[in-house]
Structures are given as C-alpha cells and as structure tokens.
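**Student:** For reference, the sequence and a predicted model appear below.
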Amino acid sequence: MPDLRPEIHVGDVGTLYRAKVYSDQVAFDPSTASVKQLIFKLPGGVVLTKTATVTDDGLSPAESWYLTYAVQANDGAGSPPGDFHALPGPVRIQAYLEWADGSSFHSDVQTVDEDGRELRIFRNITT
C-alpha cells in the first residue's frame with residue numbers, strides 16, 4: 001500500500017510541525033514555561049526560531065505533550081522574509097523551554113516524525 005502522508009514541498013505554507021516534550025524518556029507538561037520555542041535547522045544551514053504552542057495527545061488525562069508550530073507565509077529567513085520552506089533537503093527541530101526562575105530545557109534534536117519518516121522538504125515538479 002502506498003504511503004499517503006503528504007510530503008512537504010518548497011514554498012508550502014500551513015505545515016504543522018510538532019516536537020514531543022520529554023526528559024529522561026518521561027513526558028512532561030511544558031505549559032508553565034514562559035518561553036516556548038521550536039528551533040529549526042533548515043536546508044542551506046538556515047536556523048530559525050519560532051514561538052510555539054503547547055498541545056497534548058488528546059487523552060484524558062494527557063500522557064504526552066508537544067510544542068507545535070504552523071508555517072506561515074513569508075516567515076522564513078531574510079529581510080524581507082522569504083519562504084520558510086525555501087530549499088529542498090533535510091529538516092532538524094529542537095524544542096526550547098525557559099521558566100521565570102531562569103531554568104531552561106533543550107530537547108533532543110528531532111530528524112524524523114513520529115512514524116520514523118525523515119523530516120525533509122522536497123523539490124516541486126517544474127515544467
């Protein structure tokens with residue numbers, strides 16, 4: 001059966017990225033953090049930091065939490081900002097949290113999605 005997961009392509013907008021928040025293999029709720037960010041390393045060596053929101057797994061009570069970010073138009077690098085998905089290639093994501101008491105947390109660097117598929121921006125077919 002073919003893989004029906006949509007690919008991320010150069011120029012795509014609306015892509016939802018999410019990184020699971022856990023420390024020492026234990027999930028924790030990051031809602032009380034004053035700073036919630038996802039750090040992206042994009043093709044071409046571009047590093048972008050975006051404010052993220054907290055979501056959970058939808059269970060009651062929740063068992064795992066995520067930092068999420070939806071790609072917007074013109075929120076890439078440069079001035080004026082270009083496309084977030086400007087170049088094809090691999091994507092790396094890291095969650096960053098900071099609390100009012102000055103403590104902070106960096107997650108592991110994520111290179112695959114929850115299904116184990118590589119995070120990657122693909123070229124578009126051109127004519």
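**Tutor:** That came through, no problem. Numbering: from 1, shown residues only.
**Student:** what's the next secondary structure element after the helix or strand containing residue 38?
**Tutor:** Take DSSP states H and E as the rule and residue 38 turns out to sit in strand 35-42. Per DSSP H and E, strand 35-42 leads on to strand 46-51 as the next helix or strand towards the C-terminus.
**Student:** Contacts for the strand holding residue 38 next, please.
**Tutor:** For strand 35-42, contacts defined as Cβ atoms under 8 Å, 6 or more residues apart in numbering pick out 17, 19, 30, 46-54, 67-69, 76-77, 84-87, 89, 91-98, 104, 121. Every residue, glycine included, has its C-beta placed from N, CA and C.
**Student:** For ChimeraX, write the select line for the buried members of those.
**Tutor:** ChimeraX command restricting the contacts of strand 35-42 to the buried ones, with burial defined by 16 or more other Cβ atoms under 10 Å:
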select :17,19,30,50,52,54,67,69,76,84,85,86,91,93,94,95,96,97,121
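**Student:** which secondary element of the chain has the worst mean pLDDT?
**Tutor:** strand 26-27 (a mean of 79; mean pLDDT, DSSP states H and E).
**Student:** residues in contact with the residue most central in space within the chain?
**Tutor:** The centroid of the chain falls nearest to residue 17 when counting by Cα atoms, centre = their mean (3.8 Å). Contact partners of residue 17, counting by Cβ under 8 Å, 6+ apart, are 38, 40, 68-71, 93.
**Student:** about what we covered before: roughly how far is the least confident helix or strand of the chain from the heart of the chain?
**Tutor:** Mean C-alpha position of strand 26-27 versus that of the full chain (Cα atoms, centre = their mean, to the nearest Å) differs by 18 Å.
**Student:** ok, that strand: who's next to it in the sheet?
**Tutor:** Strands that pair with strand 26-27, judged by DSSP bridges, come out as strand 16-23 (antiparallel).
**Student:** re earlier: any figure for the gap between the residue nearest to the centre of the chain and residue 63?
**Tutor:** 21 Å (Cβ to Cβ, to the nearest Å).
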